[in-house]
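Student: fold the following, please.
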Amino acid sequence: MSDFGTRIWRLRKDTGQSLQTVANAVGSAKGYIWELERGRRDNPGIKLATALAAHFGVSLSYLVAGEADTSDPPAWHFYHRYRGLLSAADWAALRGVADRLVPSDVVADREVAA
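Tutor: Numbering: from 1, shown residues only. Next up is the predicted model:
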């Protein structure tokens, strides 16, 4: 596996998502995501890399180069503290809490800017 592929695989496993779930979320084919994870493809393009980063809630610099996300250290540390320890249902519950705390228009503005 490439480092990029390993990070995608780890994020997918840590969040309990299937290949199909990730592929659907980022508008890609399941087989292509699998090839990226295995290092058989190494250049997903900026649009897909950005979509993957947004889907997993990590920075593009982390996904592509493994660099720590210094733009939002509390979120970065929270994720890494609990990754692998919480089930997919737990992560979904946490996202639900965050969605109730932050107005949807604020979240939408951040997604467009990313």
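
Student: what ranges do the helices span in the protein?
Tutor: Assigned by DSSP state H, the helices in the chain fall at 3-14, 19-26, 30-38, 46-56, 60-65, 73-82, 88-101, 104-113.

Student: worst mean pLDDT among the ones you listed?
Tutor: Mean pLDDT is lowest for helix 104-113 among the helices of the chain, at a mean of 63.

Student: tabulate the helices of the chain (CSV), appending mean neighbour count.
Tutor: C-betas here are computed from N, CA, C, even on glycine. Conversion of the helices of the chain to CSV gives the following (neighbours: other CB atoms under 10 Å):
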stretch, mean neighbour count
helix 3-14, 18
helix 19-26, 17
helix 30-38, 18
helix 46-56, 18
helix 60-65, 16
helix 73-82, 13
helix 88-101, 12
helix 104-113, 9
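
Student: without its sequence neighbours, what residue ends up closest to residue 88?
Tutor: Counting by CB to CB, 6 or more residues apart in numbering, residue 88 lies nearest to residue 16, which is 2.7 Å off, once chain neighbours are set aside.

Student: let me know the pLDDT of the one you found.
Tutor: So, for residue 16, pLDDT stands at 87.

Student: what sits against it?
Tutor: Residue 16 makes contact with 87, 88, 89, 91 under the criterion CB atoms under 8 Å, 6 or more residues apart in numbering.

Student: is it true that the last one touches residue 17?
Tutor: No: when contacts are counted by CB atoms under 8 Å, residue 91 is not listed as touching residue 17 (9.3 Å).

Student: what about residue 54, distance to residue 88?
Tutor: 18 Å (CB to CB, to the nearest Å).

Student: so who does residue 25 touch?
Tutor: 51, 55.

Student: which residues does stretch 27-41 contact?
Tutor: 1-2, 4-6, 8-9, 12, 19-20, 22-23, 26, 42, 44, 48, 51.

Student: at the geometric centre of the protein, which residue do we find?
Tutor: For the chain, the residue sitting closest to the mean C-alpha position, by CA atoms, centre = their mean, is residue 56 at 1.5 Å.
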